[in-house]
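[1] Model the following, please.
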Amino acid sequence: MAPEQEDYLFAEHEEVTQEEETTSAFWDVLVVDDDPEIHSVTKLALSNLEFWGKKLRFFHAYSGKEAIEVLKEQNNISILLLDVVMETDDAGLNVVRRVREEIKNMAVRIIMRTGQPGYAPEEKVIREFDINDYKMKTELTRSKLVTSLLTAIRSYQQICELEAQSHALEQILSASRAILGHTDMGSFAAAVVAQLANILDASGEGLVSGYLDDDMHLRVFGGSEQYREFFGHGIEQLDNGRVIMQVQNCIDTESHQSTTHDITFLLESKNKKAAIYLELEAEPSEAQLKFAEIFLTNVGVGLDNIKLFNELREVAYKDNLTKLPNRANFIEKIESYFNQQQSLIFILVDIAQFSDINNGLGQEVGNLLLLGVAERISIEFPEAHLISRIGADVFGFLMPESQFDEESFIDNLCVPYHVGEHLLTMHFHIGVCRQEDFQPQGIETLKLAYIALNQAKQSSIPLDWYTPDLEEKMAWKLGLIRQLRQDFEMKKLEVWYQPQFSIADRKVIGCEALLRWPSGNGNYISPAIFVPLAENAGLIVEIGQWVLEQACQLQATLQQQGFGELSIAVNVSVPQFKVPNYAQQVKDTILSFNVEPKHIELEVTESVVMDEVNSVINTLQELQEFGVEVAIDDFGTGFSSLSYLQKLPLARLKIDRAFVKDIPHDDSGAIADLVISLGQHLGLKTIAEGVETEEQMTVLQKLGCDEVQGFLLAKPMPEKKLLEFLVSPNNAFHDS
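    Residues are numbered from 1 along each chain as shown. The predicted structure is shown next:
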């Protein structure tokens, strides 16, 4: 090689004839320059160079636009020798930007050259667009260009290898994911053959053979379509002796087998030994074989899991108590009934107040009841099929609509159940969906039946049918919940108070806090509508805490105005009692307003008490010790146990308005008398709600009722009106 000072590439030179390359593999170099002479001299200077057994092959472009076109057509360009200044001053930099950002070619190495000083790209540009080198043409010798080229090719080769490895690893991950989820050996084997063929660039024809459990007979587990007729049969049944020999040799020698036509991998798992036979179209590379070994590790794990999958499937799709199909199983199977013309109906049966049975009589009795209901359905309705336990106390099944009589169905279902030593008269909520309304997805069909079931619950009727308008009602309820949440956050809800009176002297002894929701048009939405929705949505917990805070704030105001002895009753729902450390939360709230605990009363319904009896008793005892009084609201309307009533730390029983409204004309007051008598024996005060007439007052006073509230003496009113009521000349706080 000539000395460096005589080695400048772009000095005067003579045109040379291009030499034809004959090698089969090349490093492809794209020369981009608007000067044809640069192309010639570059080709001349770099001719006959060889790097790692591959020569250079040149492509040419005379503008940035041409360069982009070549790069789009030729995706194996290794090196880009790029002039900076061509049709524009920054044409070269624009090419770089488009290569990286538009074409997304991150592998090609870029060496930039310029004959005009001052157009050098900033260091930030070189880093950002991954430019390997930048040279002035006037200083670029052949040796310097060769050095830059060598570095760039080495970098390109490493990038390509990394990309190939990354692609292979992605292929392995994809293959591993493809074999997951197969729970039977046949589909698993087919997936293994297909994915292994993909890794090795094979035809995809092959099979998996091995020993299954304790069977020492070598069988075909599965594979490609051409072997389908042999699935499950002995390997000797194959009509291909070469396959039999390769598989048998693999198992016997416990090693992989390979020929120019096929390859057989030994697969050893914890419980099984198998061979994977695969037809080859070309000999796999070393890298492909390594990647195949990695994939086979996952196949071994999958083979071990097949048996476990099958065992878990039974657990996952069968109810452990009743041995019936469970919810997941039902959802999967009912999909096959979509678009079938059989005139079937889907029935959901919910055991009413099942939690009361569980809590009041014990879980063992509850379990026996569930078994009894499952048996009743099976015996009384032999035409029923796909009987499943859908939820804790919900059963579902199909039966022909022509054989379904609503009245007799309910009667048969409600015949008392012998459960251990108990004879239980049970009630049910039932939702029915016709087959014409079934959906392609089982979960959607179940949803429709649940809409009918929930409508039956809310309407207090035993059975309801799904109709499209029910779904509209459900959407309306969801919209109402969203609006309630929004109005609560915007502080639009109100708390009103209804005074409570001593029946003896009609003095105000307290008041009950009642939630009100303004509709925005001067009216109010009924609590009977929105409170159950708020409970189901979980919003009642936040609202209930807010009502307690409002009550405490009012009590503080009453103390300041001389009415500190009045108590304020606040209703508490089931979801509130399920809040962790609920008792402490109540105590903290009362303390924060600096009011006497004895002037705050919590009203709980029987459903709250019976939801989780022991937990509720502990919570109420903690509150009683703090000084808070507790009343049972709507007493007599629920399912309660008198034995638990004795254990509850109560102050009073509240007689539901249902036992007051017809006194004295259509109701002698017998139930009210019973509740009052019970309260007296337990040392509890009684308060009757819904008192609207003097006659009712007279009867209740004779029966010994202690306190009343109702429209006769005072309606619910906002806080401001309550304070005015208490100080008015005719207020009931003073002696009548």
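[2] from here on, contacts and neighbour counts on C-alpha atoms
    OK.
[3] Model confidence for residue 568, exactly?
    pLDDT for residue 568: 96.
[4] Tell me how many other residues surround it.
    24 (other Cα atoms under 10 Å).
[5] what stretches of this structure score poorly on pLDDT?
    1-24, 116-129, 138-140, 164-183, 212-215, 269-272, 304-314, 607-612, 636-644, 729-736 (pLDDT under 70).
[6] Spatially central residue for it, please.
    Closest to where the C-alpha atoms of the chain average out (Cα atoms, centre = their mean) is residue 443, at 14.0 Å.
[7] That one reaches residue 329, doesn't it?
    No. Using Cα atoms under 8 Å, residue 443 is not in contact with residue 329, being 10.8 Å away.
[8] could you pull out the strands for the stretch 1-150 of the chain?
    26-32, 50-51, 54-61, 77-83, 109-114, 133-136 (DSSP state E, counting those that start in this stretch).
[9] Quick one: closest of these to residue 604.
    Closest to residue 604 of the strands of the stretch 1-150 of the chain is strand 109-114 (Cα to Cα; 77.2 Å).
[10] one step back: adding mean neighbour count and distance to residue 381, write the strands of the stretch 1-150 of the chain out as JSON lines.
    Formatted as JSON lines, those follow (neighbours: other Cα atoms under 10 Å; distance: least, Cα to Cα, whole Å):
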{"stretch": "strand 26-32", "mean neighbour count": "23", "distance to residue 381": "79"}
{"stretch": "strand 50-51", "mean neighbour count": "13", "distance to residue 381": "84"}
{"stretch": "strand 54-61", "mean neighbour count": "19", "distance to residue 381": "82"}
{"stretch": "strand 77-83", "mean neighbour count": "25", "distance to residue 381": "76"}
{"stretch": "strand 109-114", "mean neighbour count": "23", "distance to residue 381": "77"}
{"stretch": "strand 133-136", "mean neighbour count": "18", "distance to residue 381": "85"}
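[11] Please convert the ones you listed to TSV, extending it with distance to residue 248.
    Formatted as TSV, the strands of the stretch 1-150 of the chain follow (distance: least, Cα to Cα, whole Å):
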stretch	distance to residue 248
strand 26-32	44
strand 50-51	46
strand 54-61	43
strand 77-83	47
strand 109-114	51
strand 133-136	58
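[12] Residue 406: which of the ones you listed is closest?
    strand 77-83 (77.9 Å).
[13] Check which helices and strands the closest one sits against.
    Packing partners of strand 77-83 (3 or more Cα pairs under 8 Å, 6 or more residues apart in numbering; DSSP states H and E): strand 26-32, strand 109-114, helix 142-179.
[14] Could you rerun that using 10 Å?
    strand 26-32, helix 36-46, strand 54-61, helix 64-73, helix 91-101, strand 109-114, strand 133-136, helix 142-179 (3 or more Cα pairs under 10 Å, 6 or more residues apart in numbering; DSSP states H and E).
[15] Of the ones you listed, which is nearest residue 390?
    Closest among these, using Cα to Cα: helix 142-179, at 30.5 Å.
[16] Buried residues of stretch 374-384, list them for me.
    Across stretch 374-384, burial judged by 16 or more other Cα atoms under 10 Å covers 374, 376, 377, 381, 384.
[17] with those residues in mind, which one is nearest to residue 29?
    Using Cα to Cα, the buried residues of stretch 374-384 come closest to residue 29 at residue 384, 76.3 Å.
[18] How about that closest one: what's its closest non-neighbour residue?
    residue 399 (4.6 Å; Cα to Cα, 6 or more residues apart in numbering).
[19] Tell me how many other residues crowd that neighbour.
    Residue 399: 20 neighbours (other Cα under 10 Å).
[20] SS state for it?
    strand (DSSP: H, G, I helix; E, B strand; the rest coil).
[21] Repeat that for residue 281.
    Assignment for residue 281 (three-state DSSP): coil.
[22] I'd assumed residue 201 was in contact with it.
    Yes. The pair residue 281 / residue 201 is scored as a contact, 7.7 Å apart, by Cα atoms under 10 Å.
[23] that older thread, now for the strands of the stretch 1-150 of the chain, which one comes closest to residue 552?
    The nearest among the strands of the stretch 1-150 of the chain, by Cα to Cα, is strand 109-114 at 75.4 Å.
[24] Which strands and helices lie in contact with the closest one?
    Using 3+ Cα pairs under 10 Å, 6+ apart, strand 109-114 sits against strand 26-32, strand 77-83, helix 91-101, strand 133-136, helix 142-179.
[25] how far off strand 109-114 does the first one point, in degrees?
    For strand 26-32 and strand 109-114, the angle between their directions (axes from the mean of the first three to the mean of the last three Cα atoms, to 10 degrees) works out to 30 degrees.
[26] quick revisit: so which helix or strand takes in the residue nearest to the centre of the chain?
    helix 442-458 (DSSP states H and E).
[27] Could you tell me which residues within that helix count as buried?
    442-443, 445-446, 448-457.
[28] repeat for stretch 626-637
    Applying 16+ other Cα under 10 Å to stretch 626-637 flags 626, 627, 628, 629, 630, 631, 632, 633, 634, 635, 636 as buried.
[29] again with stretch 705-722
    For stretch 705-722, using 16+ other Cα under 10 Å, the buried residues are 705, 706, 707, 708, 709, 710, 713, 714, 716, 717, 719, 722.
[30] If anything else comes up later, I'll come back, but that's it for now.
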